[in-house]
Structures are given as structure tokens and as C-alpha cells.
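S.K.: here are the coordinates; sequence isn't available:
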């Protein structure tokens, strides 16, 4: 398979009068269907890098390609459409809507541009909740679910529009070890079943070491890339 994301000479500088450079000439590519983790200390530039890949932030210089399309210079509307179609986000804080139940939260990405959905779309949402082991909780308010269950609702929501890419920022950071393992197992099942590309920022060594590739960021630069077959 070819690359689903390509980053060429990415630099990121914040500030005008006082400039702070966060990323330095980052060159990375991610193969479609791969399972990747990004590690590094706080302030190393990991989240900035993820936000640039997710089109939530723009590089100061360099080129970004998503699914062979150069995104530099695209309008806000075009970027928003790209995100909605191609990318699913999972964060440490799941950002579910507490006034809605589980299935309504899962359907939210679909309803962003559409006011109505039919039986087939609802069935798809229910299938995703079944995939993450929450079919019996579909009508429960998310505020009545445990932290691990809420994170699995967030995973199902991220899959609603069948994205090619899942970007996750510390997705197990607030979970106990058992819940974190359950979330990781769901990630792997999705990766295998749908060939979805996963890029996960994590401080959890258990998650990082199970990835096909570990990318280490230090002081805004790629300092090391480690592959699974090299760790055996």
C-alpha cells in the first residue's frame, strides 16, 4: 500500500514578536493501513505534529499530503470537509455531548452536514457500538457510562464516516490498565478489519510497544523510528 499521509520539511513557529519554533524540518510518511505510535516528552512537539496531520493547524513551512492530495492552501471549508470525510479524532478527553445518549453521539459526525438520517445510518451506528462492545448501552446517556465506556463511544463516533485515518492523542491517558487494554484491543480490531491507519500519541508504554512502528519526537525533531520486526 502507498502512503496515506506525507509530511515534507515541516516547520512550525508560534508567535510574531517573540518566536518559538516547535517543529524542525520533520519528514515522515505513514503507510495506509499501518499502526503507529508517537512518543516523546511533554513539549517535544507531538501534539502540534498530530494537529498538523489532522489539518487542525498549519505548518509555518513545508508540505502536507493526505491521500495523495496536497492540503497546503486549501480553504477552511475544504479542510473541514476533508477532516469530516477522511479523518477520525480520538482525544484523552472524549468531548462527548452529555445531553445525548450513546447512539446519538456516535451519529453526530454524520449529522453535522445532514439534519436527518434514515434507518440504515442508525443501524450503522448501532453496529459500531456493537464493535466496541456497547450495544446494550446505546440508549444510555453518556454521563451514566464509565470512563472506559465513554472512550469506546468516542471510538465508535470517530468511525462513523468510515475515515481512512484515526488520529488519537493520549486516548488511554485517563483510563485504568484494564480499560486501556480494552481500548487498545478495539483499535487493533478496527485496524485489521477496516485497514484504518492509526497514529497514536501515547505515554503508555504498553500501547506504544505494540505498534507496528514507534516514532520518537525530541525537541521538535524525529529522533528515532523503531519497527516491530526490529524489536523481536
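M.R.: Happy to help now that I have it. What you see is a predicted model, and the numbers here were worked out from it, not measured in a lab. Residues are numbered from 1 along each chain as shown.
S.K.: can you list the low-confidence ranges for the chain?
M.R.: 1, 112-117, 229-232 (pLDDT under 70).
S.K.: where along it do the strands fall?
M.R.: 3-14, 20-31, 35-39, 61-66, 69-70, 87-91, 165-169, 197-201, 213-218, 221-227 (DSSP state E).
S.K.: run me through the strand neighbours of the last one, direction for each.
M.R.: What that stands for is strand 221-227. If you go by DSSP bridges, strand 221-227 pairs up with strand 213-218 (antiparallel).
S.K.: now the strand it pairs with: buried residues?
M.R.: By 16 or more other Cβ atoms under 10 Å, the buried positions in strand 213-218 come out as 213-217. Every C-beta, even on glycine, is put in place using the N, C-alpha and C of the backbone.
S.K.: for the residues you listed, which one is nearest residue 48?
M.R.: residue 217 (9.4 Å; Cβ to Cβ).
S.K.: quick revisit: now distance to residue 81 too, for the strands of the chain, in a markdown table please.
M.R.: Listed next are these as a markdown table, based on distance: least, Cβ to Cβ, whole Å:
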| stretch | distance to residue 81 |
| --- | --- |
| strand 3-14 | 17 |
| strand 20-31 | 21 |
| strand 35-39 | 25 |
| strand 61-66 | 12 |
| strand 69-70 | 12 |
| strand 87-91 | 11 |
| strand 165-169 | 15 |
| strand 197-201 | 19 |
| strand 213-218 | 28 |
| strand 221-227 | 30 |
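S.K.: of all the buried residues of strand 213-218, which two lie farthest apart?
M.R.: 213 and 217 (13.1 Å).
S.K.: spatially speaking, which residue is in the middle of the chain?
M.R.: residue 167 (1.4 Å; Cα atoms, centre = their mean).
S.K.: surely it touches residue 199?
M.R.: Yes - with contact defined as Cβ atoms under 8 Å, residue 167 counts as touching residue 199 (5.4 Å).
S.K.: shared neighbours, the two?
M.R.: Counting by Cβ atoms under 8 Å, 6 or more residues apart in numbering, the common neighbours of residue 167 and residue 199 are 50, 53.
S.K.: returning to what we had before: tell me which of the strands of the chain sits nearest to residue 136.
M.R.: strand 87-91 (22.0 Å).
S.K.: direction included, what does the closest one pair against?
M.R.: Applying DSSP bridges, strand 87-91 is found paired with strand 165-169 (parallel).
S.K.: now do the partner strand against strand 61-66, angle only.
M.R.: Between the axes of strand 165-169 and strand 61-66, defined by axes from the mean of the first three to the mean of the last three Cα atoms, to 10 degrees, the angle is 120 degrees.
S.K.: show residues contacting strand 165-169.
M.R.: Contacts for strand 165-169 (Cβ under 8 Å, 6+ apart): 4-5, 30, 47, 50, 53-54, 66, 86-92, 158-159, 187, 190, 196-202.
S.K.: what angle do it and strand 35-39 make?
M.R.: 30 degrees.
S.K.: show me what contacts residue 222?
M.R.: So residue 222 contacts 26-28, 215-216 (Cβ under 8 Å, 6+ apart).
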